[in-house]
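using only what follows, build the 3D model:
(chains A and B)
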There are 2 protein chains.
Amino acid sequence: MKLEDLGEGGFIRKIRERFKAAVVVPIGDDAAVFDIPSGHSLVFCSDLLAENSHFIRNLHPPDSIGYKSVAVNVSDVGAMGGTPLHFLISFAAPGDLDVAWVDSFFDGVAKACADFDISLIGGDSSSSDRIFLDVSMIGTVPSGKAVRRSGAKSGDSIYVTGQLGGSALGLECLKSRDLKNRAVRRHLYPEPRHKVGAALRERVHAMIDISDGLSTDLTHIVEESKVSARIYKDRLPGWPDAASNHILHGGEEYELIAVSSQDLAEVVMNVPLRRIGEIIDSGFENQVFLIDGPQESVLSPLGWQHF
Amino acid sequence: MKLEDLGEGGFIRKIRERFKAAVVVPIGDDAAVFDIPSGHSLVFCSDLLAENSHFIRNLHPPDSIGYKSVAVNVSDVGAMGGTPLHFLISFAAPGDLDVAWVDSFFDGVAKACADFDISLIGGDSSSSDRIFLDVSMIGTVPSGKAVRRSGAKSGDSIYVTGQLGGSALGLECLKSRDLKNRAVRRHLYPEPRHKVGAALRERVHAMIDISDGLSTDLTHIVEESKVSARIYKDRLPGWPDAASNHILHGGEEYELIAVSSQDLAEVVMNVPLRRIGEIIDSGFENQVFLIDGPQESVLSPLGWQHF
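Modelled structure (predicted):
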């Protein structure tokens, strides 16, 4: 069956029956309505996925697109030290799209709801020439406890969670149809570190999730904090078989960069943190320096940039 | 200059410098952070605009697309009886799009921020084959005061704000380049009735905004409320020169349908409300009946349906 045979009404009924949330007003009205506990601020973000930019319809399984569209927002909420709560999906697709694709996409969304203990409570739908998906998410953070990119101070240590380079390697494997490599799963079903972010929020000065690559996202921290950074190549926790380019610049990792004056080289919420370098005074520019044995070079932000 | 020459970093800097909001964390971090007053629930909605489905690049002025993308969400918040507060924009466009288009689009967004006293506090950006815009908005409503579609009761009166049919007429005029007709402005720069919705929230049983057409949106109310409705053709407040088809089925009006046991035939927040019919028992199906002189017929929902 095609989406145009199901119709917009049928599409909405299908989603509404599948996703029931215990909120004041769930899916099926002009807007969703919900409450949050007192003493909290709201964390609000969106991430879009555009066909041919973020995914290829004949390459990426639809359930992975559904899962990832939610997971990347969970990651953003976590990078603020917040806890994800509810989200909306704006879903645009051609009328001749097979409903099986749509069902599989929402299988991934449902899996993400279960994995991250969050609810789909609304959104919008439209026909369009290409598939476009935008998830907007609300989370909460105790008042005054949100962690920004701008708090890094000279002398702080820089940590990363997990391993780097797996997602970029996984995309390469996916494109070459080497589907047995477990990096493919890493690319398709990212594991956001929101629980680590929430656990660390009182111990860190700055935090960001690695969506555009270590080089680009660490550059965001040094620019926002008006400092520089020095990281050590031999300390970077690389994914097995990931190339140096994957580790330094690969996007869609959804690991966290955390900057702290404390020693965080420990396992937090079952995820190892590794100290990869330190924040230094800015000098003339806010830059990231890479130490590779005896050599020191400027690490340019070569990660993903749209447009 | 093209968007790809500006680059994603330049794009974000430009938006960030233009839209400064007094919130805990505004544009420029992993997520925005803000507070709401106690005693309120959150109202959360999104509306997407896809090129060639919602607008034609060479027909619709970019500032009208920016304005409308925000206004339609303001309308949704208002239809719940809420007050709009903050919003995000997810913006996807081809790299060869002229930056002048982007600037004009955000002129419209800025005008909407001023008109509706709300703030752009974040979003996402991406390259894509087509322009795709999704606005997600948060508003507030006093706890327990949100107005749903499902509260209409037999014997209630049905009211609409303003005039109907102007937007559909305006689109026809736009397509035929009859730009002097003031219905064109109605189509391009809709006036959401959020202040009316907020003012009425303690006096109504059900409310919806007319985004898909009177026939379709009133059908939503009768279906959700498990009732039927009878409306009188000669009482429908038509836009000057709007055809019957425009009035009954034209979408993108952003007027409100309000259902109440009270007499609301008055001017609220400078907007006239008109009684157009009444809620009746459902009978076998939840239907809308149209009374046209001596004739009564079922008014099928022939408004806009995607897919």
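
and the helices in the stretch 101-250 of chain A?
For the stretch 101-250 of chain A, the helices defined by DSSP state H, counting those that start in this stretch cover A:166-175, A:183-188, A:194-200, A:214-225, A:244-249.

show residues contacting the second one.
I take that to be helix A:183-188. A:60-61, A:64, A:67-68, A:166-171, A:173-174, A:178, A:239, A:241-242, A:252 (Cβ atoms under 8 Å, 6 or more residues apart in numbering or on different chains). Yep, even glycine has a C-beta here, placed from its N, CA and C like the rest.

ok, back up a step: can you say which of the helices of the stretch 101-250 of chain A is nearest to A:Thr140?
Checking the helices of the stretch 101-250 of chain A against A:Thr140 by Cβ to Cβ gives helix A:194-200 as the closest, at 9.9 Å.

so who does A:Arg182 touch?
Applying Cβ under 8 Å, 6+ apart, no residues contact A:Arg182.

hang on, the earlier thing: show me which of the contacts of helix A:183-188 are buried.
Using 16 or more other Cβ atoms under 10 Å in any protein chain shown as the burial test, the contacts of helix A:183-188 include A:60-61, A:64, A:67-68, A:166-171, A:173-174, A:239, A:242, A:252 as buried.

residue numbers of the stretch 51-200 of chain A in contact with chain B?
Selection of the stretch 51-200 of chain A residues close to chain B by Cβ under 8 Å from any Cβ of the partner chain yields A:51-54, A:75-77, A:79-80, A:82, A:86, A:88, A:90, A:92-93, A:95, A:121-130, A:132, A:134, A:136-139, A:141, A:143, A:146, A:148-150.

got a pLDDT number for the residue most central in space within chain A?
Nearest to the geometric centre of chain A sits A:Val72, at 2.9 Å (Cα atoms, centre = their mean). Among the per-residue scores, A:Val72 holds a pLDDT of 98.

A strand includes it, no?
No - read with DSSP: H, G, I helix; E, B strand; the rest coil, A:Val72 is helix and lies in no strand.

separation between the closest residue in space to it that isn't next to it in sequence and A:Arg177?
Leaving aside its chain neighbours, A:Val72 sits nearest to A:Asp47 (4.6 Å; criterion: Cβ to Cβ, 6 or more residues apart in numbering or on different chains). According to Cβ to Cβ, to the nearest Å, A:Asp47 and A:Arg177 sit 27 Å apart.

more neighbours: the two, which one.
A:Asp47 (26 against 9; other Cβ atoms under 10 Å in any protein chain shown).

care to break chain A down by domain?
A:3-142, A:157-298 (automatic domain parsing).

run the chain-centre distance for the shortest one.
Read that as domain A:3-142. 14 Å (Cα atoms, centre = their mean, to the nearest Å).

cool, and the last one?
Using Cα atoms, centre = their mean, the distance from the centre of domain A:157-298 to the centre of the chain it belongs to is 13 Å.

now do the same end-to-end measure for it.
18 Å (Cα to Cα, to the nearest Å).

just stretch A:233-248 next, same as before
9 Å.

so where's chain A shaky on pLDDT?
A:304-306 (pLDDT under 70).

ranking the domains of chain A by burial, who's on top?
The highest mean neighbour count among the domains of chain A, using mean count of other Cβ atoms under 10 Å in any protein chain shown, belongs to domain A:3-142: a mean of 21.

quick one: contacts for A:Ser64?
Contacts of A:Ser64 by Cβ under 8 Å, 6+ apart are A:Gly108, A:Leu188, A:Tyr189.

CA-only coordinates of the helix or strand in which it is found in PDB, if you can.
In this structure, A:Ser64 sits in helix A:62-79 according to DSSP states H and E. What follows is helix A:62-79, C-alpha atoms only, in PDB (Å, rounded to 0.1, in the frame of the first residue of the first chain):
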ATOM      1  CA  PRO A  62      13.900   2.900   7.600                       C
ATOM      2  CA  ASP A  63      13.800   1.700  11.200                       C
ATOM      3  CA  SER A  64      17.400   3.100  11.700                       C
ATOM      4  CA  ILE A  65      16.300   6.500  10.300                       C
ATOM      5  CA  GLY A  66      13.400   6.500  12.800                       C
ATOM      6  CA  TYR A  67      15.600   5.500  15.700                       C
ATOM      7  CA  LYS A  68      18.400   7.900  14.800                       C
ATOM      8  CA  SER A  69      16.000  10.900  14.300                       C
ATOM      9  CA  VAL A  70      15.000  10.500  17.900                       C
ATOM     10  CA  ALA A  71      18.400   9.500  19.300                       C
ATOM     11  CA  VAL A  72      20.200  12.500  18.000                       C
ATOM     12  CA  ASN A  73      17.800  14.800  19.900                       C
ATOM     13  CA  VAL A  74      18.200  12.700  23.100                       C
ATOM     14  CA  SER A  75      21.900  13.300  22.600                       C
ATOM     15  CA  ASP A  76      21.500  17.100  22.400                       C
ATOM     16  CA  VAL A  77      19.300  17.200  25.500                       C
ATOM     17  CA  GLY A  78      22.000  15.100  27.300                       C
ATOM     18  CA  ALA A  79      24.800  17.400  26.200                       C
END
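
next, the angle helix A:214-225 makes with that helix.
On the basis of axes from the mean of the first three to the mean of the last three Cα atoms, to 10 degrees, helix A:62-79 is oriented at 30 degrees to helix A:214-225.
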